[in-house]
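>>> give me a model of this one.
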Amino acid sequence: MKHLALALFLAVLFNQHLLTVHVEAGDVFIRIRGVHFLLNGNPYYANGFNAYWLMYVASDPSQRPKVSAAFREAASHGLTVARTWAFSDGGYRPLQYAPGSYNEQMFKGLDFVIAEARKYGIKLILSLANNYDSFGGKKQYINWARSQGQYLTSDDDFFRNPVVKGYYKNHVKTVLNRYNSFTGMHYKDDPTIMAWELMNEPRCTSDSSGRTIQAWIMEMASHVKSIDRNHLLEAGLEGFYGQSTPQKKRLNPSLDIGTDFIANNRIPGIDFATVHSYPDQWLSSSTDQYQLSFLNNWLDAHIQDAEFILRKPILLTEFGKSWKDPGFNTYQRDQLFNTVYYKIYSSAKRGGPAAGGLFWQLLTEGMDSFGDGYEIVLSESSSTANVITQQCHKLDQIRKIFTRMRNVERWKRARAMRRGQWHGRNGGRRIGN
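A predicted model of the protein is given here:
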C-alpha cells in the first residue's frame, strides 16, 4: 500500500515536469528531460563515488585487478556512477607529456577503466583538466605556454590566453575522439560515459566578477558540443554563488573564487548543475553540528535553485568527511552521509532535480598510499557501507516505480491503438450479441 501511494504521488509530480519532450525507448545514452536524467526513457539516479586514481592505476597492467575490484565492490553495493580523471598533464607517468603528445600506455589505462566500468554496469563522469597542481593542472598548461614564449603573469591566464586555450581544446578533441583499444568504440560514441566535466573545481581568484570563468565555460562548452552531441556536459563547479545573485553570496563559506553557480550553469551547453560540499574543510574551526547545519542550508539552496531557476538536474559530485578531523568518529561520517542522502532522496521522491551524490573517495584494499583521510574501503567500513547501500536501494525503488508506471502507460497506448485499428478494419460494426 505504501508503494502504491508513493507511485501515485510520484506520477503526478513527475509528469508535471515531463509532458513536453518525447524520448525514445532503447536510447542507451543518459539524457536530460526537464529537471531529470533519463536512461532508456526512464528516470535515472546517479548514486556513486569518486575514484580519481582509476586511469593512473590501470596504466600498469599488473595493477588492473584493483580497478576491477573497486568496480565490483561498488556495483555489489548498488553504486551506479564513478567520477574520475581523464587528464594527467606533465610530471610523473603523464597522459599528456607535452601539448598534443600523449603516453599510449596511460591512454590504454583509461581505455581499460571505461571497458571495466561497462562490464559492471557503472557509468562514468570524466573530468578533462584540474584547477590544482596535482596531475599537472592549469599550472602545467601555463608552463607549457611560457616555454613557447608566452608572457603569462598568473595561473589564471589558463582561462584567458589563446595559446593555452588552444592546448586545452586540443586535449578535449583528443580524448573525445580516442578509439578505445578494449571496446572498439570511440569515447564520444560510448554510452558507458555519462558526462564530460570541463574541469575539476575551476577557480579564477584574479577575477572575482566571474566574467573570466563565464566566458571560458561558454567557449569550452561550445567546443565540447561541436565534437560530441551524445554525452552530457557539466562544468565541474563547487557551487559558490557569485555576482549574478549577490543576495545568495551569504550562503557561501568565506571563499571568493570567481565562479557563479547560477550564471555558469545557465550556459546552454551545460546540461546539469554540480555542487561539492566539504564543511569540515570550509568551516574547520566550527563545531560538527554547525557544519551539519551549513550542509543542510547549502544543499537546500542549490536543490531549490536547480529546480526553480536553472530548471536542470543537479548532482552532488563531491562530499565527504575526513578521519583526520579532530575528534573524528565513524558516527560523524555516517551522519554527514545520511544528511546528504536524505536531501537527495527527499528531492527525488517528489520529482525534484536532485539525482544523486558521489562521495569522495572510494578505494579498495591494499591502496593505503592513495588515502587522503576521506577514503572509504567498503569492505572495511561496514556502517558507512550500509548507509551507502540503503541509499542506493531507496533510489532504485523510485526508479522501479517510475518504470512500472511507464510500462503501464505504454500498454494502454498500445491497447488503444489496437482497438482503433480493429474498429477501422470493421468499419465500427458491432460483432456478436
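>>> quick check on residue 276: phi, psi?
For residue 276, the backbone dihedrals (degrees, to the nearest 10) come out as phi -110, psi 160.
>>> oh, and call the first residue 55 from now on, that's how I've got it
Okay, residue one is now 55; in that scheme the one you just asked about reads as residue 330.
>>> what is it paired to in the beta sheet?
According to DSSP bridges, residue 372 are recorded as the beta-bridge partners of residue 330.
>>> that one contacts residue 292, doesn't it?
Yes. At 4.2 Å, residue 330 counts as touching residue 292 under the criterion of CB atoms under 8 Å. All C-beta atoms are positioned from the backbone trio N, CA, C, and that covers glycine.
>>> more crowded one of these two?
Taking residue 330 and residue 292 together and counting by other CB atoms under 10 Å, residue 292 has the greater number of neighbours (23 against 20).
>>> joint contacts of residue 330 and residue 292?
255, 372 (CB atoms under 8 Å, 6 or more residues apart in numbering).
>>> my guess is residue 391 contacts residue 413. True?
Yes. The criterion here is CB under 8 Å, and residue 391 meets it with residue 413 at 6.9 Å.
>>> more crowded one of these two?
For residue 391 versus residue 413, neighbours defined as other CB under 10 Å are more numerous around residue 413 (27 against 22).
>>> mind checking pLDDT for the more buried one?
The predicted local distance difference test score for residue 413 is 98.
>>> for it, give its distance to residue 244.
25 Å (CB to CB, to the nearest Å).
>>> what helices or strands is the helix or strand containing residue 162 leaning on?
For residue 162, the host element (DSSP states H and E) is helix 158-173. Under the contact criterion of 3 or more CB pairs under 8 Å, 6 or more residues apart in numbering; DSSP states H and E, the helices and strands touching helix 158-173 comprise helix 108-112, helix 118-130, strand 177-181.
>>> out of those, the one nearest residue 405 is which?
Closest approach to residue 405 among those (CB to CB): strand 177-181, 21.7 Å.
>>> helices along the stretch 305-454 of the chain, start to end?
When secondary structure is read from DSSP state H, counting those that start in this stretch, the stretch 305-454 of the chain shows helices at 315-320, 333-336, 342-359, 384-403, 436-480.
>>> please identify the deepest-packed of those.
Greatest average neighbour count among those goes to helix 315-320 (a mean of 23), per mean count of other CB atoms under 10 Å.
>>> pull the CA coordinates from that helix and hand them back as CSV.
What follows is the C-alpha trace of helix 315-320 in CSV, where atoms were taken according to Å, rounded to 0.1, in the frame of the first residue of the first chain:
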residue,chain,number,x,y,z
PHE,A,315,26.7,28.8,-9.6
ILE,A,316,23.7,30.4,-11.3
ALA,A,317,25.3,32.2,-14.2
ASN,A,318,27.8,29.4,-15.0
ASN,A,319,25.1,26.7,-15.0
ARG,A,320,22.7,28.8,-17.1
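>>> what sits up against that helix?
Where contact means CB under 8 Å, 6+ apart, the residues beyond helix 315-320 that reach it are 264, 267-268, 271, 289, 291, 293-299, 302, 324, 326-327, 329, 356, 359-360, 363-364, 366.
>>> go on, stretch 165-177?
Counting by CB under 8 Å, 6+ apart, residues outside stretch 165-177 touching it are 84, 100, 102, 108-109, 112, 118, 121-122, 125-126, 128-129, 133-136, 138, 178, 232, 234-237, 241, 244, 246-248.
>>> one more pass at 7 Å, please.
With contact meaning CB atoms under 7 Å, 6 or more residues apart in numbering, stretch 165-177 is reached by 84, 108-109, 112, 118, 121-122, 125-126, 128-129, 134-136, 138, 178, 234-237, 244, 246-248.
>>> okay, the nearest residue to residue 368 once chain neighbours are set aside and residue 311: tell me how far apart.
Counting by CB to CB, 6 or more residues apart in numbering, residue 360 is the residue found nearest to residue 368 once chain neighbours are left out, at 3.8 Å. Taking CB to CB as the measure, residue 360 falls 20 Å from residue 311.
>>> comparing those two, which shows the higher neighbour count?
Set residue 360 next to residue 311 and count neighbours by other CB under 10 Å: residue 360 wins out with 27 against 20.
>>> need the contact list for that one.
Applying CB under 7 Å, 6+ apart, the residues near residue 360 are 89, 327, 366, 367, 368, 407.
>>> in contact with residue 123, which residues?
If a contact means CB under 7 Å, 6+ apart, then residue 123 has residue 418 as its contacts.
>>> if you set the cut-off to 10 Å instead, what comes out?
Under the criterion of CB atoms under 10 Å, 6 or more residues apart in numbering, the contact partners of residue 123 comprise 417, 418, 419, 420, 421, 433.
>>> widest-spaced pair of those?
Farthest apart among the contacts of residue 123 - using CB to CB - are 421 and 433, which lie 11.8 Å from each other.
>>> nearest to residue 342 among the contacts of residue 360?
Distance to residue 342, by CB to CB, is smallest for residue 368 among the contacts of residue 360, at 25.2 Å.
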